[in-house]
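*Asks:* Please find the sequence and the predicted model below.
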2 protein chains.
Amino acid sequence: MRDLPVLGQPPPERADAARNRRRILEAAERLFKDRGVAGVSMDDVAAEAGVGKGTLYRRFGDKAGLGIAVLDERERELQDAILRGPPPLGPGAPPRKRLKAFVRAYLDYAWRNLELLVVAETGSPGARYRSGVYAGFRRHVEILLMDAGADDPVLGAELVLAPLAGDFLRHLAVERELERDAIRAGLLRLVARLARS
Amino acid sequence: MRDLPVLGQPPPERADAARNRRRILEAAERLFKDRGVAGVSMDDVAAEAGVGKGTLYRRFGDKAGLGIAVLDERERELQDAILRGPPPLGPGAPPRKRLKAFVRAYLDYAWRNLELLVVAETGSPGARYRSGVYAGFRRHVEILLMDAGADDPVLGAELVLAPLAGDFLRHLAVERELERDAIRAGLLRLVARLARS
DNA sequence: CCCCTATACGGACCCTAGTCCGCTTGACTG
DNA sequence: CAGTCAAGCGGACTAGGGTCCGTATAGGGG
C-alpha cells in the first residue's frame, strides 16, 4: 500500500510523458504554421514529433483537443490579463467597462488565431463548450453581468459568448465580408444591451 | 447545337435520379429515426436506399448536406408560415411582433429536430452559414430589423441567428440544463433589445 | 424504332480519425 | 543496486467519410 491516491492531486507527469507532450505541441505548432491546420493530419503530427499515434491521442483526446492545447498558451495570456492585469480588462473597473474590454480583448485574440480556433471549436460537436477555457470565460462574464445587475447572468453570459464563436466570426469576416471594426462595434452594442437590467 | 443552356434554368432531373433522391431521403429519415443520426453511416443509408455510395454523395455532397436535405421539408413549413401564414409569424404584424414570433417558431422547430440540426450545422465548419435556409432566415430577420429601425440590420440579423445554432441550443439545454422556457425568454429579451435603434 | 450522348449509377478505392493491446521504461522501494 | 509495476509507448487495426471512373440508361432527334 504505497501511494494512496490523494484526491485532486494527480501524480506528477512522468519525465518521458512531459518530454513527449512538449515535442508534440512544438511539432503541431510548426506544422500548423507551415501548412495550415486543415492540411495537417494527426499522423503528420505524430511523425513530426517522433511519437506514436497512440501517444498523441492518449494525451490530447482528438484533433480538437490538440488544437485547444496549442491555443492554450495564448489563451492563458488573456486569462491572466483578465484575472491580474490592469483595468479595464483586469479587476478594478466597473463591470460594464470590463465587459467591453473583455469583448475587445477576446476579439483581438480570436482574429489572431482564427483558423486554429475554428478547428478547436468545431472538431467535434460541442467541443467548444466542453473546453475549460470556455467555462472560464463564461464564469467571468457571468460575474460581470451579475455585478452590472443584468436580468439573467447565467443565460446572459452564454449569449455574450455565442457570437464570439470562431466559426461565426469567420463567417462574418470572410463570407459576409464585414469589417472587423463594424463587427466589434456591433458586439460591443450587444453586450451593452445585455448588461442592462 | 441542340440545347443552348438557359441560364438559371437547370435541366429537369432525370426520372431515375428523382426516384433515387426520394429513396435516399426516405431511407435516411427512417434510419435516423430508428438509430439516431450518429449511429447511421453513409454506407448504411446507401444500402437501405438500395443505391451506391457515389449516388448518395453526388446528390448531397456530404453528411451535413444529407442532414440539411432531410430537414428541408420541415424547414419549408416554417418558411411558408413566415412568408404566407397568418400574423404575427406571417406578414401583417408589426416587425417586433414578427421577430418574436419568428424566434418562438424557430425554437419550436429546433427543439423538435435538435439532433439532426446539430449534424447538419456542424458536419463541416461553416456548413450552417452556407445553407440556403440560413440565408433565407437571415434575410427575413434583416428586413424585420430594418423595419423596426434597428442600428445595423445586416449585422443584427446575424447576431439574432447566432444563438439559434443547434449546437449552442443543445449546450444550453443538455449540458447547462437550462429550462426551455428560460432559454426562450432570454432569447426573446435579446431580440427585443437588438430591435431597438 | 433506333441511335446517340449527356446524365447518372455504383462500388472499389483512398485517406484520416480514433482504438486497442502487447511491449517498454521511469521511478520508487527495500 | 536490483526488483517491481503502474504509467506510458507505438504502431497495427478498424471504421467511416469522401472520391473516381468505367459502365449503364434515360430520353430526345432523326
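*Replies:* Yep, it's here.
*Asks:* got the residues of chain A near DNA strand C?
*Replies:* Neighbours of DNA strand C within chain A, by Cβ under 7 Å from any atom of the strand: A:2-3, A:14-16, A:41-43, A:53-54, A:57-58, A:62-63, A:123-124. Where C-beta positions appear, they are placed from N, C-alpha and C, glycine not excepted.
*Asks:* Of those residues, just say which sits nearest to DNA strand D.
*Replies:* Nearest to DNA strand D out of the residues of chain A next to DNA strand C is A:Gly54 (Cβ to the nearest atom of the strand; 2.1 Å).
*Asks:* Just give me the neighbour total for the closest one.
*Replies:* 9 (other Cβ atoms under 10 Å in any protein chain shown).
*Asks:* got the CA positions of the helix or strand containing it in PDB?
*Replies:* Element membership for A:Gly54, per DSSP states H and E: helix A:53-60. In PDB, the C-alpha atoms belonging to helix A:53-60 read as follows (Å, rounded to 0.1, in the frame of the first residue of the first chain):
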ATOM      1  CA  LYS A  53      -0.300   7.900 -32.700                       C
ATOM      2  CA  GLY A  54      -1.400   6.300 -29.500                       C
ATOM      3  CA  THR A  55       0.700   8.800 -27.500                       C
ATOM      4  CA  LEU A  56      -0.900  11.700 -29.400                       C
ATOM      5  CA  TYR A  57      -4.400  10.500 -28.700                       C
ATOM      6  CA  ARG A  58      -3.900   9.400 -25.100                       C
ATOM      7  CA  ARG A  59      -2.600  12.900 -24.300                       C
ATOM      8  CA  PHE A  60      -5.000  15.100 -26.300                       C
END
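*Asks:* For it, report the contacting residues that lie outside it.
*Replies:* Contacts of helix A:53-60 with the rest of the structure, by Cβ atoms under 8 Å, 6 or more residues apart in numbering or on different chains, involve A:17, A:20-21, A:24, A:42-43, A:45-46, A:49, A:66, A:69.
*Asks:* Chain B next: which of the residues you listed are close?
*Replies:* Filtering the contacts of helix A:53-60 for neighbours of chain B using Cβ under 8 Å from any Cβ of the partner chain leaves an empty set.
*Asks:* which of those residues has the most neighbours?
*Replies:* A:Leu66 (26 neighbours).
*Asks:* if you look at the residues of chain A next to DNA strand C, which of them are in helices?
*Replies:* Among the residues of chain A next to DNA strand C, the ones falling in helices (DSSP state H) are A:15-16, A:42-43, A:53-54, A:57-58, A:63.
*Asks:* if you average pLDDT over stretch A:69-81, what comes out?
*Replies:* On average, the pLDDT along stretch A:69-81 is 91.
*Asks:* neighbouring contacts of it?
*Replies:* A:25, A:28-29, A:32, A:60, A:89-90, A:105-106, A:109, A:112-113, A:116-117, A:120, A:133, A:136.
*Asks:* which residue sits closest to the residue nearest to the spatial centre of chain A, ignoring its sequence neighbours?
*Replies:* Among the residues of chain A, A:Val133 comes closest to the average C-alpha position under Cα atoms, centre = their mean, at 5.0 Å. Leaving aside its chain neighbours, A:Val133 sits nearest to A:Glu75 (5.3 Å; criterion: Cβ to Cβ, 6 or more residues apart in numbering or on different chains).
*Asks:* So what does the one you found look like in phi/psi?
*Replies:* When read as degrees, to the nearest 10, the backbone of A:Glu75 gives phi -70, psi -40.
*Asks:* That one - how many residues pack around it?
*Replies:* 21.
*Asks:* how much space between it and chain B?
*Replies:* 19 Å (Cβ to the nearest Cβ, to the nearest Å).
*Asks:* Relative to A:Ala162, how far out is the residue nearest to the centre of chain A?
*Replies:* The gap separating A:Val133 from A:Ala162 is 15 Å, by Cβ to Cβ, to the nearest Å.
*Asks:* just A:Glu48 next, same as before
*Replies:* For A:Glu48, the distance to A:Ala162 equals 35 Å [Cβ to Cβ].
*Asks:* of all the residues in chain A, which ones are close to DNA strand D?
*Replies:* Residues of chain A found near DNA strand D (Cβ under 7 Å from any atom of the strand) are A:11, A:13-14, A:16-17, A:19-20, A:50-55, A:57-59.
*Asks:* Filter those residues down to the buried ones, ChimeraX style.
*Replies:* In ChimeraX, a selection of the buried entries from those looks like this (16 or more other Cβ atoms under 10 Å in any protein chain shown):
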select /A:20,51,55,59
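*Asks:* Please spell out which residues along the helix or strand where A:Arg74 lies are buried.
*Replies:* Following DSSP H and E, one finds A:Arg74 within helix A:63-84. Using 16+ other Cβ under 10 Å as the test for burial, helix A:63-84 gives A:63-71, A:75, A:78-79, A:81-82.
*Asks:* tell me the contacts of A:Arg22?
*Replies:* Per Cβ under 8 Å, 6+ apart, neighbours of A:Arg22: none.
*Asks:* Contact partners for the residue nearest to the centre of chain A?
*Replies:* A:68, A:71-72, A:75, A:79.
*Asks:* if we go to 10 Å?
*Replies:* Applying Cβ atoms under 10 Å, 6 or more residues apart in numbering or on different chains to A:Val133 gives the contacts A:68, A:71-72, A:75-76, A:78-79, A:120.
*Asks:* Between A:Glu48 and A:Ala162, which is the more surrounded one?
*Replies:* A:Ala162 (23 against 17).
*Asks:* ok, back up a step: confirm that the residue nearest to the centre of chain A sits in a strand.
*Replies:* No: looking at A:Val133 with DSSP: H, G, I helix; E, B strand; the rest coil, it is helix, so not inside a strand.
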